[in-house]
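In: Below are the sequence and a predicted model; questions follow.
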Amino acid sequence: MIRIHHLGFHYREGEFRLTMPEFTVAGSEKVAVIGPSGSGKTTLLNLIAGIITPTEGDVTVADVQVSNLNDRERRDFRITNIGFVFQDFELLDYLNVLDNILHPYRITGALQLDREVRTRAVSLAQEMGIGDKLKRAANDLSHGEKQRAAICRALLPRPKLILADEATGNLDPANKTRILDLLFRSVEDHDATLLAVTHDHELLDRFDRVVDFQDFHGGEAG
Amino acid sequence: MIDSIYIAWKYVGFNKVRTATLVACITLISFLPVSLQLLLEESERQLLSRAVVTPLVIGAKGSSLDLVMNTLYFGDEVPELIDMGASDRIWDTGLAVPIPVYVRFQARGQPIVGTSLDYFDFRGLKIREGRMIALLGECVVGKKVAGRLDLKPGDSLVSSPETLFDLAGVYPLKMKVVGVLEKSHTSDDLAVFVDLKTAWVIQGLGHGHEDVTKTKDTTVILKRTDNNVAASAKLFHYAEITEENLGSFHFHGDLSVYPITAVIAVPHDTKSGTILRGRYLSKEEALQIVKPEEVIDGLLQNIFRIKNVLDAVISVVALATILALILVFALSLRLRQREIQTIFKIGCSRMTIARLLTAEIALILLMGGALCIALVFLVDQFSNDLVRALFIR
Amino acid sequence: MARITNVPGSTFLSGTLLFAVLILFGVPEATWAGDPDDESLTLYAVNYPLKYFAQRIAGGHANLVFPVPADEDPAFWNPDPETIAAFQKADLILLNGAGYARWVDKASLPRSKVLDTSAGFKEQYIKIKGAVTHSHGAEGKHAHEGVAFTTWIDFDLAGRQTRAIWEALSRMRPDLQDELQSNYVVLAKDLKEIDKAIREIVSANPTQPLIGSHPVYDYFARRYGLTMRSVHWEPDEVPSDAQWAELQGILESHLAKWMIWEGRPMQGSVDKLEAAGIKSLVFDPCANVPDQGDFLGIMKQNVENLKKAFP
């Protein structure tokens, strides 16, 4: 699913540098990425998602060399193939839960919002246990419910890859487990790949593979 | 596009206070100059059109503006009174048709205009319902008066006392409404028209009572001589003119000294008008003759001068408001940076982000515009009354 | 055009043609009695004499309306609002002035259309003697004393009223000036002849005391220098005892031998007067439309009647 080859990246300003000789994630794999803050974990996710492009090397996702696509292609690829789950949920407080879930379909022409999508959104929310809260304001939900709504949003376009950046970071321990269960199940049900940045070490053994980001600065991690 | 509008609509709806504030600002800065212009145009139309068709007005010396306002628009300021002899004088010259007017009294807040029948021909006023005044004590009302006071032919209308405790002066007369005029879109729509003699009855200069020369009730007689009977204050004066007591109504003294507020003079031709004006030029003349068009023109020039100042002030305020609005939008954008980053990450293009924000601005502008149009429409509906309230009364 | 041959129908045809010619170009006096033309003015009058004068002057160019019922005294008639509305719509409203037609003071008439035919001789109005006025309070102004109003039987004043009508009509229809003037001149001459005739008749015995059956002869008496006192008798009523006593009182200092009536008196009244040595003659002021004839005809008859008292 993900293949990174001789990746090098640095911002125009600052001294941050990210190098990654080789990195692969197989399809349907659930990989956790750990590492100290500031090590570039989020940067990695952004490179994989095509939000930023590497200064050198390739990033291939689902057999598409994302790093070689232009801006628009990367955007379209991202929204149709990659789902994001954020630490702070990033729901829009002025939309209700259903509108938040459907939001990706409203902000790009690459996705078509039709009745089938609406139906899927409702059933996805029901699967996540928030089917009865679709008309509520996003702010009225608990943290756990918010993250479930965010997962629905990420999964609705049927992405091949889910990138989760500290998805359980703002949840209490009980919710962490529950959300991770939901995330894993959804990823399995949708036959997607999961790459999750996390600080929650107690959850690491749930993943297929754990990658320590510190290993990348010297060589390949596998 | 629809999606952008949808999301923008949700955003503005969620932030009600912010939206309301922005809409209010936009509404105000667009409504003020437009409504001001509307009112001034209406005032120009109302004031000038009526002034242009009124050739000459004769009244007591003093404020020509008060004279014209009272005579043409039935303003509250009653000019110094003149007497009926002023009208007779014009009649005798043969240069113009004089139309005396007496605009002093009111009935339930509406001005009572005492005049002659020539006034209706002059103003082109037609009866819509009922008939024209024929007898003492009858009145016809303008269309708006009929609507406001819910009057129709056959109803009664009582004149108002001039002051609350004016026990010995103007007293209420119960008038019979015999007709409603067609709408004229002028001040005439707001007036109650009576014959001049009825106005004098309202003032108490004319009255009806039992025949004191034949009465057997001695308590109503103050003094009796061979050729005159002086009645006492006990004598009851009828407060309503009916078919039965009409014959008893009469006036004391010489009618040529009875009061009026002005005379509208309609010269037979331009030359007659000029000659007539010339007859009032001498310093000893107690009356003035004015051309309403000139007086109103002067007033409008003053109004428009003030308007120019107001325009300048409004422009400055509008500029400040626009700058403030820009600042609000900019600050709002900054506050939404995180949201923007999120949707960018999800896959939203910069163009779409710009479209979303533009849609929000457009919605707010539209709402402000719509509210402005609605308010302007309201002002337009009531412009007639507003102009009267602002400039005439 | 086919020749009219001597066949029975031709007489009828020629007669018809002649009749048509007469109708079209007929006798001069018929012109003022003809139908109003298309642009005719509508004139309303408060009494019959004014209607007559106006009709004589305007001829077929005016539609004269005198709405007072035949059995009413125009001076005291009260029109209903509909009739007043009709007055208002007239092109010209002919008022007698001098307080004639009390309803005028209480009605609304457009001044621009009103002609007070006696306004030109206001200073000659005769105040009613013995009238009791009233006032309010010690210093109040008096109500009007009232003036006599049968001005038209002073045929000099009638001429002036006629002139006022002519001038008003000339202003309204300057295109008809010549015709109006011509008609006016003829009418004025007729009135002058009446005036002259009366003066001549009266000159036979100018100081003869006379009784007027009603106080309507003030202007008549003044113009022709008659010594006249009036009572309040109606032609169609026999005088009551009180009325008779009033006459007796007058006769004590005013030895009249003739009573002048407004209309034909009842025989009973005539007989009673004759028994008292007073004869009766009719001088009809003709305020309303006569049963027969017209104003001038009535006045000529009045003149003939007057001769009886001044042999």
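Out: Yes, it's here.
In: any idea how chain C splits into domains?
Out: Chain C is divided into the following domains under automatic domain parsing: C:30-129+C:144-198, C:204-307.
In: since we're on B:Y73, how many residues are nearby?
Out: If you count neighbours by other C-beta atoms under 10 Å in any protein chain shown, B:Y73 ends up with 26. Every C-beta, even on glycine, is put in place using the N, C-alpha and C of the backbone.
In: Roughly how far does it sit from B:S159?
Out: 20 Å (C-beta to C-beta, to the nearest Å).
In: returning to what we had before: burial-wise, tell me which of the domains of chain C comes out on top.
Out: Counting by mean count of other C-beta atoms under 10 Å in any protein chain shown, domain C:30-129+C:144-198 has the highest mean neighbour count of these, with a mean of 19.
In: Would you tell me whether it gets close to chain B?
Out: Yes. Under the criterion of C-beta under 8 Å from any C-beta of the partner chain, chain B is reached by domain C:30-129+C:144-198 at C:78, C:81-82, C:84-85, C:88, C:102, C:105-112, C:144.
In: Now do the helices in the stretch 151-300 of chain B.
Out: Ranges of helices within the stretch 151-300 of chain B are B:196-203, B:270-278, B:292-335, based on DSSP state H, counting those that start in this stretch.
In: Okay, angle between the next helix or strand after the last one and helix B:292-335 too, please.
Out: What it means is helix B:292-335. Using DSSP states H and E, the helix or strand that follows helix B:292-335 in sequence is helix B:337-346. With axes from the mean of the first three to the mean of the last three C-alpha atoms, to 10 degrees as the basis, helix B:337-346 and helix B:292-335 are set at 60 degrees to each other.
In: now helix B:337-346, how far from the centre of its chain.
Out: The chain centre lies 60 Å from the centre of helix B:337-346; the measure is C-alpha atoms, centre = their mean, to the nearest Å.
In: Include mean pLDDT when you put the helices of the stretch 151-300 of chain B into TSV, please.
Out: Shown next, in TSV, are these (pLDDT from 0 to 100):
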stretch	mean pLDDT
helix B:196-203	93
helix B:270-278	94
helix B:292-335	88
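In: show me what contacts A:L91?
Out: A:V97, A:N100, A:A138, A:L141, A:K146, A:A149, A:A150, A:R153 (C-beta atoms under 8 Å, 6 or more residues apart in numbering or on different chains).
In: Reduced to three states, what does the residue nearest to B:A318 when sequence neighbours are not counted come out as?
Out: Ranked by C-beta to C-beta, 6 or more residues apart in numbering or on different chains and with sequence neighbours excluded, the top spatial neighbour of B:A318 is B:I29, at 4.3 Å. Following DSSP: H, G, I helix; E, B strand; the rest coil, we place B:I29 in the helix state.
In: show me the contacts for B:I29.
Out: B:I314, B:V317, B:A318, B:T321, B:I322.
In: For the residue most central in space within chain A, which non-adjacent residue is closest in space?
Out: Compute the mean C-alpha point of chain A, and by C-alpha atoms, centre = their mean the closest residue is A:L163, 1.9 Å away. The shortest distance from A:L163 to any non-neighbouring residue, by C-beta to C-beta, 6+ apart, is to A:L45 (4.8 Å).
In: looking at this, the one you found is in a strand?
Out: No. According to three-state DSSP, A:L45 belongs to no strand; its state is helix.
In: what's the pLDDT at it?
Out: pLDDT for A:L45: 88.
In: do the same with the one 5 residues further on
Out: You'll see A:G50 listed with a pLDDT of 86.
In: As TSV, the contacts of B:I29 with neighbour count would be great.
Out: Below are these laid out as TSV (neighbours: other C-beta atoms under 10 Å in any protein chain shown):
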residue	neighbour count
B:I314	17
B:V317	14
B:A318	18
B:T321	16
B:I322	13
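In: okay, among those, which ones form the most distant pair?
Out: B:I314 and B:I322 (12.1 Å; C-beta to C-beta).
In: Poorly predicted segments of the chain, please.
Out: Because you didn't say which chain, this covers chain A. A:216-222 (pLDDT under 70).
In: switch to chain C, that's the one I care about
Out: Within chain C, the segments meeting pLDDT under 70 span C:1-38, C:130-145.
In: Identify the residues contacting the closest residue to chain B within chain A.
Out: Residue nearest to chain B within chain A: A:I79 (2.8 Å; C-beta to the nearest C-beta). The contact partners of A:I79, by C-beta under 8 Å, 6+ apart, come to A:P104, A:I107, A:T108, A:A110, A:L111, A:P157, B:I346, B:G347, B:C348.
In: Which stretches in the chain count as strands?
Out: Looking at chain A here, since you left the chain open. Using DSSP state E, the strands of chain A run over A:2-10, A:17-25, A:30-34, A:56-61, A:64-65, A:82-86, A:161-165, A:193-197, A:209-212.
In: could you do chain C instead?
Out: C:41-45, C:62-65, C:92-95, C:114-116, C:133-136, C:209-212, C:227-230, C:258-261, C:279-282.
In: which residues sit in contact with the residue in the stretch 151-300 of chain C positioned nearest to chain A?
Out: Of all residues in the stretch 151-300 of chain C, the one sitting closest to chain A is C:M172 (81.0 Å; C-beta to the nearest C-beta). C:M172 makes contacts with C:L41, C:D91, C:L92, as judged by C-beta under 8 Å, 6+ apart.
In: Leaving out sequence neighbours, find the closest residue to the last one.
Out: Spatially, and ignoring its direct neighbours in sequence, C:L92 is nearest to C:L43 (4.8 Å; C-beta to C-beta, 6+ apart).
In: Can you name the residues bridging to the one you found?
Out: Note on C:L43: beta-bridge partners by DSSP bridges are C:L64, C:L92.
In: who's in contact with it?
Out: C:K51, C:A54, C:A58, C:A62, C:N63, C:L64, C:V65, C:A90, C:D91, C:L92, C:I93, C:L94.
In: Can you tell me which of the contacts of C:M172 is closest to A:P173?
Out: Looking across those and measuring by C-beta to C-beta, the closest to A:P173 is C:D91, at 107.4 Å.
In: returning to what we had before: mind putting the helices of the stretch 151-300 of chain B into TSV with distance to A:T119?
Out: Shown next, in TSV, are the helices of the stretch 151-300 of chain B (distance: least, C-beta to C-beta, whole Å):
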stretch	distance to A:T119
helix B:196-203	80
helix B:270-278	85
helix B:292-335	35
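In: Point out the most buried one among these.
Out: Mean neighbour counts for those (mean count of other C-beta under 10 Å) peak at helix B:196-203, with a mean of 25.
In: Next, the contact list for the residue nearest the centre of chain C, please.
Out: With distances taken as C-alpha atoms, centre = their mean, the residue of chain C nearest its centroid is C:P49 (3.2 Å). C:P49 makes contacts with C:N96, C:W152, C:A158, C:Q161, C:C286, C:A287, C:F295, as judged by C-beta under 8 Å, 6+ apart.
In: Go ahead and confirm the second one touches C:G159.
Out: No. Using C-beta atoms under 8 Å, C:W152 is not in contact with C:G159; the gap is 9.6 Å.
In: Unless I'm misreading it, the residue nearest to the centre of chain A sits right up against A:Q87, doesn't it?
Out: No. If you go by C-beta under 8 Å, A:L163 and A:Q87 don't touch, sitting 12.0 Å apart.
In: Just give me the longest helix of chain A.
Out: helix A:173-189 (DSSP state H).
In: Since that was my last question, I'll sign off now.
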